[in-house]
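Colleague: need coordinates for the below:
(one chain, ligands or ions: 1)
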Amino acid sequence: MREPGAGHRRRKVLLEAERQQLAARARAVLDANWRGSSTVPSRSLYPHQWSWDAAFIAIGRSRVEQERAQRELESMFEAQWSTGMLPHIKFDPQVPDDAYFPGPGFWQSDRCPASPRGVLTSGITQPPLHARAALEVWSHASDRAEALAFLRRLYPKLAAQHAHLAGWRDPEGHGLAAIVHPWESGQDNSPLWDAELDHLEIPPGSLPPYQRYDVRHADAADRPSDAAYDRYVYLAISFREQRYDDRALIEQRLFCIEPPLFNAIYLWSELALAEIARLVDAQEGPHLVAARRIRDGIVRNLWDPEHGRFLAHDLRTKRRIRKASVDAAMPLLDPELPEPMAGAIVDELRSPHFDPPAGVEHFLIPSYDLTGRGFDRRRYWRGPVWINTDWLVWRGLRQHGEHDLAGEVEGSVVRLIERSGFREYYDPFGAQGYGSQDFSWTAALLLDVLATRAGEARPA
Ligand code: 9WN
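Modeller: Below is the predicted model:
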C-alpha cells in the first residue's frame, strides 16, 4: 500500500475567520434555497423537495437553525403514503409543470388511493436517511423540549417508513431492502445499474414523447444520456400503470436490486430509530431486532469474499454486481461492522480504484472506480466526487477510528468547495464543479463538517 495523504488532500487547516466565512456562505446558499417550509436542492435543476436531500439538509441546518431543520423533515413527511412509503419527490404546486421532468403530471400520484390527499408526489422512494437525520436534529438542538416534541411527532412516521421497507421491499427475506428504479438508489446514473438497464426491452410505442428539462439547466455532458433517460421513464411509466403497487413492482422484477448504500443507510437509520424510540418512551427492542436483521443481510448477501468488497445484489439475475463504486464503502456506517471488513473497505479506498498514484492532484472520493469501464470524470454519478457520499464515508471512517483517511476526505470536501463553490458534483482530478450551482446538500453538509471541527477544536 502507498503512503497516504498527498499534500493537496490532507486535512485543510482553516483559520477561525475562514471557517466562519465558509459557514456564512453555506448558510446563504441554504437560505436562498428555502421555500417557506422546505428547501429545494437547487433553484434551477431541482425546484421541488427531494427525500434524501431533505435529510442531508436537515442535518446541516440543525447546526445553525433548529426550527428550519425540524420543518424540513416534517414537510417531507407530509408526502408520506398510507403504505408508509416516503416518495422521492414532494412537488411544490406553485412551480410550473415544465420546470422539472418528470413532474406531477407525469407521476399522477393523485390516482393512487395510498397517496396523501392534496399533496402531489412521485411514486417511488429514496435512501431512508430520515431517522438518522431526526436524531441529529435532536442532538444539536438548543430547545430540547421542542426537539423532543418534534421526535414524538415524527417517530410513528419514521417507524412506518421502515415498516414499509421491511414489509414490501424484501421479497426474499434477506433482511435487506430492494430498490426498483435507479432513482431510488440516489445514485441514478451509476455504472452499477448499466447491465440491468441494458437488459430492459422497451416495447415499440410504449414510450410516450417527453421533453427533458434538466439539460436546459446543466451541461448535457454532465447529465445522463438520452438512452438512460428512456429507461428511467419506461420503468416509471410501467410502475404508474400498476399505481405504484409495491407487490407488482417487486414481482415484475424489471429492476430489482439490493444496494449497499441504500441498505447501510437503512441500518444506520434503524439504529437511530431505536434511540429515538427510547427518547419518546416507545419500544426500542423491535428496532434493534430489525437492525440486526439488516446487518446480517448486508454481511451475508452483499459481502463478496472473492473480491473482499461489498457489492450490490441483483434479485433478477440472483448475482452480485461485480463493480467497485463508492457505494461499497457505506457499510462503514454500521458501528458493529466486523473489523476485517472495515479494513478491506479502507484498503480499497486507498487503492488505485479510488486513489490515483501520489503526485497526481486529485480529490476524494470518486463515485465510481477510476479504473473501471464506464468511469467518466464529469458525468453524473459515473466518477465525479459528490459531497453527500463523501460525508457518509467520512462519518463511517470516523466511527471506525480511521481518522487519517477521514481527515483526507474532509480536506477534499473543503478544498473542492473553496475552489469551485457549492456545486452538485466535482471532477476528482481538476476540482471543476459540474451539475447544479448553489446545491443545498453540499452547503448543508459543509456546515456539519465545520461544526464538528469547531467542536473538536474547543478545549475540553
Ligand atoms: C432524480 C435531487 C436529486 C438527488 C439524486 C440525484 C438527482 C434526480 C434527477 O437529484 O436525481 O431523482 O432528476 O436527476 O441523483 O440523488 O436526490 O438533488
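Colleague: please enumerate the strands of the stretch 1-150 of the chain.
Modeller: Ranges of strands in the stretch 1-150 of the chain, per DSSP state E, counting those that start in this stretch, are 49-50, 89-90.
Colleague: from the contact counts, what lies against the last one?
Modeller: When contacts are defined as 3 or more Cβ pairs under 8 Å, 6 or more residues apart in numbering; DSSP states H and E, strand 89-90 packs onto strand 49-50. Just so you know, the C-beta spots here come from the backbone N, C-alpha and C atoms, and that holds for glycine as well.
Colleague: so Tyr244 makes contact with Pro113?
Modeller: No. Shown here, Tyr244 and Pro113 do not form a contact pair, counting by Cβ atoms under 8 Å, at 10.6 Å.
Colleague: okay, strands next: where are they in the stretch 201-350 of the chain?
Modeller: Applying DSSP E, counting those that start in this stretch to the stretch 201-350 of the chain gives strands spanning 257-258, 303-304, 309-310, 313-314, 319-320.
Colleague: so which of those is nearest the ligand?
Modeller: Smallest distance to the ligand across the strands of the stretch 201-350 of the chain (Cβ to the nearest ligand atom): 15.6 Å, for strand 257-258.
Colleague: mean confidence (pLDDT) on that closest one, please.
Modeller: Averaged over strand 257-258, pLDDT sits at 98.
Colleague: re earlier: compare Tyr244 and Pro113 (neighbour count), which wins?
Modeller: Between Tyr244 and Pro113, Tyr244 has the larger neighbour count (other Cβ atoms under 10 Å), namely 27 against 9.
Colleague: the more buried one and Pro259: what is the separation?
Modeller: Note on Tyr244: its distance to Pro259, by Cβ to Cβ, to the nearest Å, is 20 Å.
Colleague: same question, Ser42
Modeller: Applying Cβ to Cβ, the value for Ser42 to Pro259 is 24 Å.
Colleague: nearest to the ligand: which residue in the stretch 1-150 of the chain?
Modeller: Closest point on the stretch 1-150 of the chain to the ligand, by Cβ to the nearest ligand atom, is Pro41, at 3.5 Å.
Colleague: find the nearest non-adjacent residue to that residue, please.
Modeller: Distances taken as Cβ to Cβ, 6 or more residues apart in numbering place Asp53 nearest to Pro41, at 4.5 Å, with adjacent residues excluded.
Colleague: tell me which residues in the worst-scoring helix or strand of the chain on mean pLDDT are buried?
Modeller: When the helices and strands of the chain are scored by mean pLDDT, DSSP states H and E, helix 214-217 comes last with a mean of 90. For helix 214-217, the neighbour count (16 or more other Cβ atoms under 10 Å) marks Asp214, Val215, His217 as buried.
Colleague: which residues does the first one contact?
Modeller: Counting by Cβ atoms under 8 Å, 6 or more residues apart in numbering, Asp214 makes contact with Leu45, Tyr100, Phe101, Arg223.
Colleague: isn't the first one right up against Asp438?
Modeller: No. Here Leu45 lies out of contact with Asp438, judged by Cβ under 8 Å, at a distance of 10.1 Å.
Colleague: burial of Ser44, as a residue count?
Modeller: Residues within reach of Ser44, counting by other Cβ under 10 Å, total 16.
Colleague: for the closest residue to it other than its chain neighbours, what are its contacts?
Modeller: The shortest distance from Ser44 to any non-neighbouring residue, by Cβ to Cβ, 6+ apart, is to His217 (4.2 Å). Residues near His217 by Cβ under 8 Å, 6+ apart: Ser42, Ser44, Leu45, Ser436.
Colleague: now these in JSON lines, with distance to Glu65 and pLDDT?
Modeller: Output for the contacts of His217, formatted as JSON lines (distance: Cβ to Cβ, whole Å; pLDDT from 0 to 100):
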{"residue": "Ser42", "distance to Glu65": "20", "pLDDT": "98"}
{"residue": "Ser44", "distance to Glu65": "24", "pLDDT": "95"}
{"residue": "Leu45", "distance to Glu65": "24", "pLDDT": "95"}
{"residue": "Ser436", "distance to Glu65": "22", "pLDDT": "95"}
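Colleague: where's the nearest residue to Thr83 once chain neighbours are set aside relative to Pro87, distance?
Modeller: Closest residue in space to Thr83, ignoring its immediate chain neighbours: Ala114 at 4.9 Å, by Cβ to Cβ, 6+ apart. Separation of Ala114 from Pro87 (Cβ to Cβ): 10 Å.
Colleague: who touches both of these two?
Modeller: Common neighbours of Ala114 and Pro87 (criterion: Cβ under 8 Å, 6+ apart): Trp81.
Colleague: ok, the two, which is more surrounded?
Modeller: Applying other Cβ under 10 Å to Ala114 and Pro87 shows that Pro87 carries more neighbours, namely 26 against 16.
Colleague: so, low pLDDT: which residues of the stretch 351-460 of the chain?
Modeller: Confidence mapping of the stretch 351-460 of the chain against pLDDT under 70 gives the ranges 458-460.
Colleague: give me the number of residues near the residue lying closest to Tyr210 once chain neighbours are set aside?
Modeller: The spatial neighbour of Tyr210 that comes closest, neighbours along the chain excluded (Cβ to Cβ, 6+ apart), is Val233 at 5.9 Å. Neighbourhood size, Val233 [other Cβ under 10 Å]: 18.
Colleague: residues touching Val233, list them.
Modeller: Here Val233 is in contact with Pro102, Leu207, Tyr210 (criterion: Cβ under 8 Å, 6+ apart).
Colleague: any figure for the gap between Trp107 and His48?
Modeller: For Trp107, the distance to His48 - Cβ to Cβ - is 11 Å.
Colleague: I meant His353, not that one.
Modeller: Per Cβ to Cβ, His353 is found 35 Å from His48.
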